[in-house]
Structure formats: C-alpha cells, structure tokens
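Peer 1: coordinates only, sequence not included:
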C-alpha cells in the first residue's frame, strides 16, 4: 500500500494533534492492591503505567523550566541500578511577562513584557502554543527516533502542572516517611460502597492512580 508524501506543515500538524490528546484524572493513593510490598506503581490516564522497586529510588525531584514557547513542570524519579529515569511532566504556554517577577529590581525589558519588537514568527509560535494548550487534555509524549527514544527516559505527560505537583508531593511524603492518607480497603453493603482510609508511611506497596 502506498501512502501520500506529507509536507512539513502537515507533519507538524499531526504531531501537534498527537500531543493534545489524553484524559485528565484526580490522584488517588491506594495501599494493599500490589501484592509485592517492595513495588510501587503509578497508573496514568489512557491505561499507561509505571511500576518499580521502592528501595531502588534514590532521588525524587520537581523542577519548572521554560523551553521554547512552553513552561514545563517536571517530576523526575531516579532509579538505582538502571540508567533510565521515570519522568512525568505537564506543559503550558510560557508567558514572557513572568520575567518581571524574576527581575524585580531591574524589571524585564518592555520588548519581553509587552511583546514589542518580538519577531512575527516567534509571536506566531507563542500563539500556536496558547491555542493548542488551551484545548489540551494531557498528552501523548512525542519522541524522535532514535535520538530521544534511546535517551534512557520513561516519560509520561499529564494535563496540568497541578497533577504533576500532586504526584510529587504524595511520593515525597512517603519517600521521607511523613505519611499520607491512602485507601486501604472497601466496605461493601447492599446499598453502598465505602472506602476505608488510613495514614501510611512507606512507598513500597503503594499505588498512585489518576482516576
């Protein structure tokens, strides 16, 4: 079967559409659903998941940075004994006016805060980011084979920066044993189903679910 050749704009449009498709969910912490207490798991929207050994986690970090027309909030979990990283991130359109807060003494240049003197192509790219992210529901991670596919990263994209931060805070509370409330069982009755919750303080055996 022959496929028509795609122009560069058509390819970019397909990539953009693939980035903005996914579902949003609320984070729920469950304990006891994983039979192996040494394992923790994260269930993402769209039936995607990650499972790993809790005792092999040696670093959990959260960062926020700007790249091109996007502002990225990213959770990174480093796993000992392997070269791969578990990464979860969310993107939003970058607003240049935030540089005013970053430079309170000197103030950001007017060309940045008021977008005067910004090249038309750059402003158009920023507007495209605004338009696509306004309708985004999370997303499919787009990788460039083999450059990024061989970069030893396991990546997931969530709909909102708040979702990434919620996951980071929940994992950190268990990693440093501050404790977190989790669903440990259900009480079933004829007319009702009630979740039983208690505070847990270990990462192993915990399942983080975006429902």
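Peer 2: Nice, I can see it. This one's a predicted model, so the numbers in the text were calculated from it and none came from an experiment.

Peer 1: Tell me which stretches of this structure form helices.
Peer 2: 8-19, 99-102, 110-113, 120-134, 161-175 (DSSP state H).

Peer 1: among those helices, which gets the worst mean confidence?
Peer 2: Mean pLDDT values for the helices of the chain show the minimum at helix 8-19, a mean of 38.

Peer 1: In the chain, where is pLDDT below threshold?
Peer 2: 1-25, 97-140, 142-151 (pLDDT under 70).

Peer 1: could you redo the last one with a cut-off of 90?
Peer 2: Applying pLDDT under 90 to the chain flags residues 1-25, 45-46, 66-70, 80-84, 93-154, 186-194, 211.

Peer 1: in it, which spans are strands?
Peer 2: 27-31, 39-44, 48-53, 57-67, 70-79, 85-93, 153-157, 180-188, 193-200, 206-210 (DSSP state E).

Peer 1: Direction included, what does the third one pair against?
Peer 2: Looking at strand 48-53 with DSSP bridges, its partner strands are strand 39-44 (antiparallel).

Peer 1: residues making contact with the strand it pairs with?
Peer 2: Strand 39-44 is contacted from outside by 34, 49-54, 57, 86, 88, 156, 158, 167, 203-210, using CB atoms under 8 Å, 6 or more residues apart in numbering. C-betas here are computed from N, CA, C, even on glycine.

Peer 1: Whichever of these end up buried, select them in PyMOL.
Peer 2: Under the burial definition 16 or more other CB atoms under 10 Å, those of the contacts of strand 39-44 that qualify are selected in PyMOL by:
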select buried, resi 34+50+52+53+54+57+86+88+156+158+167+203+204+205+206+207+208+209+210
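
Peer 1: The nearest residue in space to residue 173 that is not next to it in sequence: how many residues sit nearby?
Peer 2: Distance criterion CB to CB, 6 or more residues apart in numbering; nearest residue to residue 173, sequence neighbours excluded, is residue 180 at 4.5 Å. Neighbour count for residue 180, taken as other CB atoms under 10 Å: 20.

Peer 1: Quick check, residue 180 in contact with residue 200.
Peer 2: Yes. Using CB atoms under 8 Å, residue 180 makes contact with residue 200 at a distance of 6.3 Å.

Peer 1: Overlap in contacts, the two.
Peer 2: In contact with both residue 180 and residue 200: 29, 174, using CB under 8 Å, 6+ apart.

Peer 1: What are the neighbouring residues in contact with the closest residue to residue 81 other than its chain neighbours?
Peer 2: Leaving aside its sequence neighbours, residue 81 sits nearest to residue 56 (CB to CB, 6+ apart; 5.7 Å). By CB under 8 Å, 6+ apart, the residues touching residue 56 are 79-82.

Peer 1: repeat for residue 200
Peer 2: By CB under 8 Å, 6+ apart, the neighbours of residue 200 are 29, 31, 174, 179-182, 184, 206.

Peer 1: List just the nearest of the residues you listed to residue 74.
Peer 2: Set against residue 74, the nearest of these by CB to CB is residue 174 (19.6 Å).
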